[in-house]
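Engineer: Please find the sequence and the predicted model below.
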Amino acid sequence: MKIGFLPLDERPCNFKFPQYIARIAGVELILPPKEILSRKRTPADLKAIDEWLERESDNFDALVLSIDMFTYGGLIASRISQASTEESVERLEKIRDIKLKHRDLPIYAFNIIMRTSNSNNNEEEKEYWKDYGMLLFQYSELTHKVKLFNREEDKQLLHEVERNIPEEIIKDYLNGRERNHKVNLALIDLVKENIVDFALLTQDDASPYGFPAMEQKELRAKIREGRVQSKVIIYPGADEVGMLLIARAVNVKEGVKPIFKADFSSVNGPHIITRYEDRPLFEGIKGQINAVGGVLVDSISLAGIELLVNTPAIEQGEAYLFYNMDKVEGPARNLLSLEQIGRYCTEVLNMPVVLADVAYANGADLELIELLEETGFVEDLTCYAGWNTSGNTLGTVIAAGSAWISGSEIEDCEMALREFREVRFIDDWLYQAKVRTDVIEELKSRDINPWQLEDVEMARIMVEEKLKEEVEKRSEEIFPLKIKRIDLPWNRLFEIDIHFEEK
């Protein structure tokens, strides 16, 4: 099977991780040349993307398409683009052309509901976000609350916030939102017309109130009206979505329906609303499993994949400096029970076990990792993830577990699975939960701002040396891969690109 894939952007999570999922499933992924894709704030070459699709689409058995990349040239481009609503919606008609030319080609599309970042950081936003980002977040949230509750205190606060944001900035912000929203509505129409076979509309950095939540309500109404509730799903996520749709494409082609059983380290876990998301964790899990075309069951005897979810006891923390540790750890959760369930599934039921580590955002839970090292269960897991948001982490392991159903009898697929598991432990545990914190603190001790790197190469070398040292401390049975080089893809410490020595 050959799957054409247009990623969300060029970062490893969107360009490299999906390649692992394809290799685990035993299928070929056809990507555009990386040089025509976005480069952080520089949009992709849309003409070159069109030419790639025209040239390669005869070879596809399925197409997985990022609408943000296809329409604007990438995720950041979707936020900072000055394209009009009309030309953006019109560009979607090119998908119709692909379908009319290849009527039997399944098209799986995804688009991100535009976020409203709650910070004055304009690294991934329009320039004015550095001065008005937090105010725009308040404007978004209060506008929604006034509409819902009509409270005088909210109206007064909204009026005060509006007075502090220039009118032209509010207008530009709302125009960008309207454009992206109209594109999402048009995508639902393409699903209704059977031009797109299945679509995911995911929410990046979600919160319960604000324009994104208001738009979700309209989108859900449009989905119901079009009678496509089984073909268009909305839930929190972003950088994991390409992996999920690749797994779904394989499942549909092979006639496979992965069946998951979920178990949690805390009785509170399923009900916790984690950072950057807008609904209880268990509802997000349902969305992720729906995305791959899977089923979630209550009985282990009915399941084919065990999903272990390491949750906080009370409230999710942040891996950097382990913020909220007192609410993550404690008597309201039981890590050993989670590990024992996983061991029973692997040793007695011979079932694949995937572990989503969401106790902290943006990195692993060291207490959990220490237990896995102590018991040796690290090597028995099918897949592990603990990066960025809960949605990112869950989507990664659900996609990998689903893909493994198709590739488990193939030697090359098993090698890809082991390598991806190792990469996730190196990145999510050793880098994000250990090395990144050490590097940030060392830079701060030198009076260097770790959030705006001026000497990127110095920081890169520091990361590379420390990460190699951490890997070399561990058993070669756990980490047989040898790091050749580390890159900082967007010239920041938030994510890394790991290059390994050839075997």
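Structural biologist: Ah, there it is.

Engineer: wouldn't residue 133 be in contact with residue 124 here?
Structural biologist: No - between residue 133 and residue 124 there is no contact under CB atoms under 8 Å: 10.5 Å. Every residue, glycine included, has its C-beta placed from N, CA and C.

Engineer: which residues do those two both contact?
Structural biologist: Common neighbours of residue 133 and residue 124 are listed as residue 117 (criterion: CB atoms under 8 Å, 6 or more residues apart in numbering).

Engineer: what about residue 309, is that helix, strand or coil?
Structural biologist: strand (DSSP: H, G, I helix; E, B strand; the rest coil).

Engineer: ok, how many other residues are close to residue 258?
Structural biologist: Here the number of neighbours of residue 258 (other CB atoms under 10 Å) works out to 25.

Engineer: quick revisit: pick out whichever of residue 133 and residue 124 has more residues nearby.
Structural biologist: Shown here are residue 133 and residue 124; by other CB under 10 Å, residue 133 has more neighbours (19 against 16).

Engineer: Can you list the buried residues in the helix of greatest length in the chain?
Structural biologist: Among the segments of the chain that qualify as a helix by DSSP state H, the longest is helix 167-192. Buried residues in helix 167-192, counting neighbours by 16 or more other CB atoms under 10 Å, are found at 169-170, 173, 176-177, 179-181, 183-188, 190-192.

Engineer: Same check on stretch 75-90?
Structural biologist: For stretch 75-90, a neighbour-count test (16+ other CB under 10 Å) marks 75-81, 83, 85, 88-89 as buried.

Engineer: Could you export those as a markdown table, including distance to residue 499, secondary structure and pLDDT?
Structural biologist: Below are the buried residues of stretch 75-90 laid out as a markdown table (distance: CB to CB, whole Å; DSSP: H, G, I helix; E, B strand; the rest coil; pLDDT from 0 to 100):
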| residue | distance to residue 499 | secondary structure | pLDDT |
| --- | --- | --- | --- |
| 75 | 23 | helix | 97 |
| 76 | 24 | helix | 97 |
| 77 | 26 | helix | 97 |
| 78 | 29 | helix | 97 |
| 79 | 29 | helix | 96 |
| 80 | 29 | helix | 96 |
| 81 | 31 | coil | 96 |
| 83 | 35 | coil | 95 |
| 85 | 41 | helix | 97 |
| 88 | 36 | helix | 97 |
| 89 | 40 | helix | 97 |
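
Engineer: With residue 145 as the reference, measure out to the residue located most distally from the centre of the chain.
Structural biologist: The C-alpha centroid of the chain is most remote from residue 152, which lies 37.8 Å away (CA atoms, centre = their mean). Noted for residue 152: a distance of 12 Å to residue 145, by CB to CB, to the nearest Å.

Engineer: How about residue 158?
Structural biologist: On the measure of CB to CB, residue 158 and residue 145 end up 8 Å apart.

Engineer: got it, and residue 203?
Structural biologist: Distance from residue 203 to residue 145, by CB to CB: 18 Å.

Engineer: Between those two, tell me which one has more neighbours.
Structural biologist: Counting neighbours by other CB under 10 Å for residue 203 and for residue 145 shows that residue 203 has the greater number, 24 against 19.

Engineer: In this structure the more buried one contacts residue 220, no?
Structural biologist: No - at 11.9 Å, residue 203 and residue 220 do not qualify as touching, with contact defined as CB under 8 Å.

Engineer: any residues in contact with both of the two?
Structural biologist: Among the neighbours of residue 203, those also in contact with residue 220 (CB under 8 Å, 6+ apart) are residue 234.

Engineer: Grab the nearest non-local neighbour of residue 128.
Structural biologist: residue 169 (5.2 Å; CB to CB, 6 or more residues apart in numbering).

Engineer: And residue 118, by the same measure?
Structural biologist: residue 137 (4.2 Å).

Engineer: Would you mind confirming that the one you found is in contact with residue 117?
Structural biologist: Yes - counting by CB under 8 Å, residue 137 does reach residue 117; the two are 6.8 Å apart.

Engineer: ok, the residue farthest from the centre of the chain to residue 208 distance?
Structural biologist: As judged by CB to CB, residue 152 and residue 208 stand 21 Å apart.

Engineer: Check what pLDDT residue 503 gets.
Structural biologist: Residue 503 carries a pLDDT score of 63 in this model.

Engineer: how's the chain carved up into domains?
Structural biologist: 2-117+172-254, 257-408, 427-503 (automatic domain parsing).

Engineer: end to end, how far does the longest one reach?
Structural biologist: By that I understand domain 2-117+172-254. End-to-end distance of domain 2-117+172-254 (CA to CA, to the nearest Å): 13 Å.

Engineer: So what's the gap between it and the chain middle?
Structural biologist: 13 Å (CA atoms, centre = their mean, to the nearest Å).

Engineer: So what's the residue count around residue 435?
Structural biologist: For residue 435, using other CB under 10 Å, the count is 26.

Engineer: distance of the residue farthest from the centre of the chain from residue 163?
Structural biologist: On the measure of CB to CB, residue 152 and residue 163 end up 17 Å apart.

Engineer: Next SSE downstream of the helix or strand hosting the residue nearest to residue 118?
Structural biologist: Applying DSSP states H and E as the criterion places residue 137 in helix 129-149. Downstream of helix 129-149, the first helix or strand assigned by DSSP H and E is helix 152-163.

Engineer: any weak-confidence spans in the stretch 51-200 of the chain?
Structural biologist: Counting by pLDDT under 70, not a single residue of the stretch 51-200 of the chain qualifies.

Engineer: residues in contact with the residue nearest to residue 128?
Structural biologist: 128, 132, 136.

Engineer: Let me know the helix or strand that residue 333 is in.
Structural biologist: Going by DSSP H and E, residue 333 is not part of any helix or strand.

Engineer: Pretty sure residue 478 sits against residue 426.
Structural biologist: No - if you go by CB under 8 Å, residue 478 and residue 426 don't touch, sitting 9.7 Å apart.

Engineer: Show me where the stretch 151-300 of the chain has its strands.
Structural biologist: Remark: strands assigned in the stretch 151-300 of the chain by DSSP state E, counting those that start in this stretch are 198-203, 232-236, 259-264, 295-297.

Engineer: sorry, that was for the stretch 1-150 of the chain
Structural biologist: Secondary structure of the stretch 1-150 of the chain by DSSP E, counting those that start in this stretch: the strands cover 2-6, 28-30, 62-66, 107-113.
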